[in-house]
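Undergrad: Test case, fold it:
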Amino acid sequence: MEYANALEKLGLDLVQPPRLGRIMSEGAETRRETIRRLFYLITIAAENAAALAVEGQSRRLLPEDARTSAANLLELGIRIEILSSAITELIEGAEKDAEAV
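TA: Model prediction:
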């Protein structure tokens, strides 16, 4: 009985075994872990961007510092765009794999 409760908690559907296989597949778990790590990297970049934006609001900010901060913000924005695109590609790849099964 504990087994059934554990499966219910996991949200697994035993009526459709192929779906169960996809949910529990090593590839799917690896993909989820990769996506999680990409979101972690986005979080770091966003936090760094927020810190730069706060520093940029200083009344004592020199023009060369503002230029450097703006360039760093641009780089962080590009990094976030690349990471976000990677997440989208991983998800779309998973959906295509699921359709092929």
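Undergrad: and the residue nearest the centre of the chain, what does it touch?
TA: Geometric centre of the chain, nearest residue: residue 39, 2.9 Å, by CA atoms, centre = their mean. By CB atoms under 8 Å, 6 or more residues apart in numbering, the contact list for residue 39 reads residue 87. C-betas here are computed from N, CA, C, even on glycine.
Undergrad: State the distance from it to residue 33.
TA: In this view, residue 39 and residue 33 are 11 Å apart by CB to CB, to the nearest Å.
Undergrad: now do residue 64
TA: 42 Å.
Undergrad: Output the contacting helices and strands for the lengthiest helix in the chain.
TA: The single longest helix within the chain, with elements called by DSSP state H, is helix 63-100. Where contact means 3 or more CB pairs under 8 Å, 6 or more residues apart in numbering; DSSP states H and E, helix 63-100 is packed against helix 26-55.
Undergrad: quick one: the helix it packs on to helix 63-100, angle?
TA: Angle of helix 26-55 versus helix 63-100, following axes from the mean of the first three to the mean of the last three CA atoms, to 10 degrees, is 160 degrees.
Undergrad: mean confidence for helix 26-55?
TA: In this model, helix 26-55 has a mean pLDDT of 93.
Undergrad: before we move on, what about stretch 71-84?
TA: For stretch 71-84, the per-residue pLDDT averages 97.
Undergrad: Mind listing residues that contact it?
TA: Under CB under 8 Å, 6+ apart, the answer for stretch 71-84 is 38, 41-42, 45-46, 48-49, 52-53.
Undergrad: Could you work out the most separated pair of those residues?
TA: Farthest apart among those by CB to CB are 38 and 53. That separation is 22.3 Å.
Undergrad: neighbour-wise, which of these two wins?
TA: More crowded of residue 38 and residue 53, by other CB atoms under 10 Å: residue 38, with 17 against 11.
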